[in-house]
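whatever this is, show me its structure:
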Amino acid sequence: MDSEQKTILITGASSGIGEATTRRPARDGHQMVVGARRVDRLTALTEELRADGATVATRLLDVTDLPSVEVFTQAALDRFGRIDVLVNNSGAMPLSPVADMRIDEWNRMIDLDLRGGLHGIAAVLPTMRRQGSGVVMKRSAGASHAHGGNRPQDRPGHRSEAARDGAQDGLVSRAFGHQSVFASRLHTIGVPEILGTSAGQGHMDLRPHRARVHGPRAGHTGRHLRLSELSA
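Residues are numbered from 1 along each chain as shown. This is a model prediction of the structure:
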């Protein structure tokens with residue numbers, strides 16, 4: 001991405017990785033629309049960012065509900081006129097062993113990570129095609145790419161996470177792999193920062209995996225990509 005001001009949408013921005021993701025774009029002068037279900041936390045974050053001079057709009061957002069995601073993206077268009085980046089951050093991390101068959105946890109993960117991710121792509125893709133550019137970023141704990149002693153099978157509670165990451169890879173590669181009519185791309189972001197979140201505290205010890213980039217502007221695959229590079 002170049003140095004001009006971007007319009008960046010971030011889901012699940014009220015805490016953890018989502019909240020942390022807002023810091024760099026705010027510092028670099030980009031304009032943001034941030035969304036989450038916990039409005040009180042979102043409001044507190046927004047007030048803090050605005051106090052430091054950031055341009056931020058907020059929306060109540062439930063990524064499992066397509067109309068909610070469409071309203072979220074339309075708010076960005078109404079306010080700023082374009083969408084340059086979508087960070088699909090919302091997600092869940094079941095920690096129970098697969099053998100426990102806590103189907104409600106799996107369903108929640110599927111709703112947030114897969115259906116929510118699909119809703120985000122569906123909402124921004126028409127705009128990015130009209131613009132001829134755009135970036136979608138999805139966060140990944142790297143469970144489907146862990147190696148050595150960090151393999152998902154060595155941590156029974158994270159096998160569901162490996163399944164999630166693999167399913168997300170399939171979804172986004174097909175959503176962006178054939179969009180040759182416009183210059184858009186998708187990054188898979190390794191998030192070792194998950195160690196500092198309430199969801200992942202004490203559970204993850206993953207080295208950053210290599211980003212995979214999909215789309216006609218991919219250019220390369222394998223460069224390490226961190227959240228701090230969001231607006232670089």
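
which stretches in the chain count as strands?
Counting by DSSP state E, one finds strands in the chain at the ranges 7-11, 31-36, 55-60, 85-88, 133-140, 183-190, 213-214.

for the last one, give the mean pLDDT please.
Mean pLDDT, taken over the full extent of strand 213-214, equals 40.

could you list the low-pLDDT ranges of the protein?
For the chain, the stretches with pLDDT under 70 are 1-3, 92-98, 139-232.

switch the cut-off to 50
Within the chain, the ranges that satisfy pLDDT under 50 run 1-2, 144-154, 178-184, 189-232.

that one: helices as residue ranges?
Taking DSSP state H as the test, the helices found in the chain are 16-21, 23-27, 39-51, 66-80, 103-109, 116-131, 159-176.

for residue 9, find the nearest of the ones you listed.
helix 66-80 (5.5 Å; C-beta to C-beta). Glycine gets a C-beta too; all of them are placed from N, C-alpha and C.

that closest one packs against which elements?
The criterion is 3 or more C-beta pairs under 8 Å, 6 or more residues apart in numbering; DSSP states H and E, and the helices and strands that helix 66-80 contacts are strand 7-11, strand 31-36, strand 55-60, helix 116-131.

check contacts around residue 33.
7-10, 56-59, 72, 75-76, 79-80 (C-beta atoms under 8 Å, 6 or more residues apart in numbering).

take those residues and lay them out in CSV including distance to residue 40 and neighbour count.
As requested, those are exported to CSV (distance: C-beta to C-beta, whole Å; neighbours: other C-beta atoms under 10 Å):
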residue, distance to residue 40, neighbour count
7, 25, 21
8, 22, 29
9, 20, 29
10, 17, 26
56, 16, 23
57, 17, 18
58, 11, 21
59, 14, 22
72, 18, 26
75, 19, 17
76, 22, 25
79, 22, 13
80, 25, 19
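
could you dump those residues to a markdown table with distance to residue 27?
Below are the contacts of residue 33 laid out as a markdown table (distance: C-beta to C-beta, whole Å):
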| residue | distance to residue 27 |
| --- | --- |
| 7 | 16 |
| 8 | 12 |
| 9 | 18 |
| 10 | 14 |
| 56 | 12 |
| 57 | 17 |
| 58 | 18 |
| 59 | 22 |
| 72 | 23 |
| 75 | 23 |
| 76 | 20 |
| 79 | 20 |
| 80 | 18 |
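
quick one on the thing from earlier: which one of the helices of the chain is the most hemmed in?
Mean neighbour count, computed with mean count of other C-beta atoms under 10 Å, is highest for helix 16-21 among the helices of the chain, reaching a mean of 23.

not counting its neighbours along the chain, what's nearest residue 131?
residue 82 (6.0 Å; C-beta to C-beta, 6 or more residues apart in numbering).

surely that neighbour meets residue 130?
No - contact criterion C-beta atoms under 8 Å: residue 82 and residue 130 do not qualify, at 9.2 Å.

in JSON lines: the helices and strands packed on helix 66-80, plus distance to residue 99.
Output for the helices and strands packed on helix 66-80, formatted as JSON lines (distance: least, C-beta to C-beta, whole Å):
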{"stretch": "strand 7-11", "distance to residue 99": "31"}
{"stretch": "strand 31-36", "distance to residue 99": "32"}
{"stretch": "strand 55-60", "distance to residue 99": "37"}
{"stretch": "helix 116-131", "distance to residue 99": "26"}
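
out of the ones you listed, which is closest to residue 100?
helix 116-131 (23.6 Å).

list the helices and strands that closest one packs on?
Against helix 116-131 (3+ C-beta pairs under 8 Å, 6+ apart) you get strand 7-11, helix 66-80, strand 85-88, strand 133-140, helix 159-176, strand 183-190.
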